[in-house]
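Undergrad: this is a predicted model, with the sequence first.
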Amino acid sequence: GAPTVAGQSLFQAASPSRRSVLRVSMAAEDAPTEGIFVSIGDAVKVAMKARDTQRLTALRGIKAALQAATKVSNVEVLPDAECIPILRKLAKQRVESIEAFSAGGRDEMAEGERFELGIIEDYLPSLADEATTRKWVEEAVAESGSDNAGRLMGMLMKSHKDDMDGALAKKILDEMFPSAGGKKKGGKGKEAAPKKEAKKE
């Protein structure tokens with residue numbers, strides 16, 4: 001499954017305008033669109049033969065989520081473009097579970113979630129680093145001429161949703177336009193503070 005995932009990373013790294021060119025140059029249009037779904041199915045079989053219970057449980061959970069999506073899309077094999085958002089969602093859920101279990105002192109449960117997160121990430125293309133993400137944010141700002149974080153995030157997600165860490169992009173936008181967050185806190189913040197102090201006294 002590794003070569004396929006690597007190929008998908010190359011494909012996903014391209015901008016939407018370049019993906020049609022990549023499809024032709026790869027000379028294997030089906031390869032980048034079926035890799036993840038098929039690879040996970042194969043990995044389930046391997047884990048069953050190896051009697052690797054923990055890995056098998058994690059892979060079956062991923063496969064079930066993808067198969068549910070095939071029924072919605074009415075297809076037998078889910079394209080990578082549809083697999084990736086599902087895997088991102090599963091990864092986010094694992095991260096949240098890890099934080100919750102760790103905060104509650106349930107380290108064993110947190111470790112199990114980390115194991116599953118690692119497997120999910122094996123099938124995901126790498127997210128862009130901070131330098132690349134910052135470049136995309138700056139390009140979106142230059143193109144739109146806007147300082148509206150919501151609008152800019154919409155543009156970024158449309159162009160780079162499979163490659164970009166949304167939280168990182170938001171952080172960069174907050175750094176570039178700090179006043180946007182300050183306005184929201186201004187009016188109600190000053191009134192709320194005395195109330196909190198009154199309750200403590």
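TA: That came through, no problem. As the structure is a prediction and not an experimental result, all values here were calculated from the model.
Undergrad: how about residue 51, what does it touch?
TA: Residues counted as contacts of residue 51 (CB atoms under 8 Å, 6 or more residues apart in numbering): none. For the C-beta atoms, the positions are set from N, CA and C on the backbone; glycine is no exception.
Undergrad: ok, it to residue 57 distance?
TA: To residue 57, residue 51 is 12 Å away according to CB to CB, to the nearest Å.
Undergrad: and the helices in the chain?
TA: Assigned by DSSP state H, the chain shows helices spanning 2-13, 16-26, 31-50, 53-73, 80-103, 107-122, 130-144, 149-160, 166-176, 178-200.
Undergrad: would you mind giving these as JSON lines with mean neighbour count added?
TA: JSON lines is the format used below for the helices of the chain (neighbours: other CB atoms under 10 Å):
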{"stretch": "helix 2-13", "mean neighbour count": "16"}
{"stretch": "helix 16-26", "mean neighbour count": "12"}
{"stretch": "helix 31-50", "mean neighbour count": "18"}
{"stretch": "helix 53-73", "mean neighbour count": "15"}
{"stretch": "helix 80-103", "mean neighbour count": "17"}
{"stretch": "helix 107-122", "mean neighbour count": "16"}
{"stretch": "helix 130-144", "mean neighbour count": "15"}
{"stretch": "helix 149-160", "mean neighbour count": "16"}
{"stretch": "helix 166-176", "mean neighbour count": "16"}
{"stretch": "helix 178-200", "mean neighbour count": "9"}
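Undergrad: and residue 163, how many neighbours does it have?
TA: By other CB atoms under 10 Å, 19 other residues sit near residue 163.
Undergrad: just give the nearest non-adjacent residue to it, would you?
TA: In this structure, residue 163 finds its nearest non-sequential neighbour in residue 128, 5.2 Å apart by CB to CB, 6 or more residues apart in numbering.
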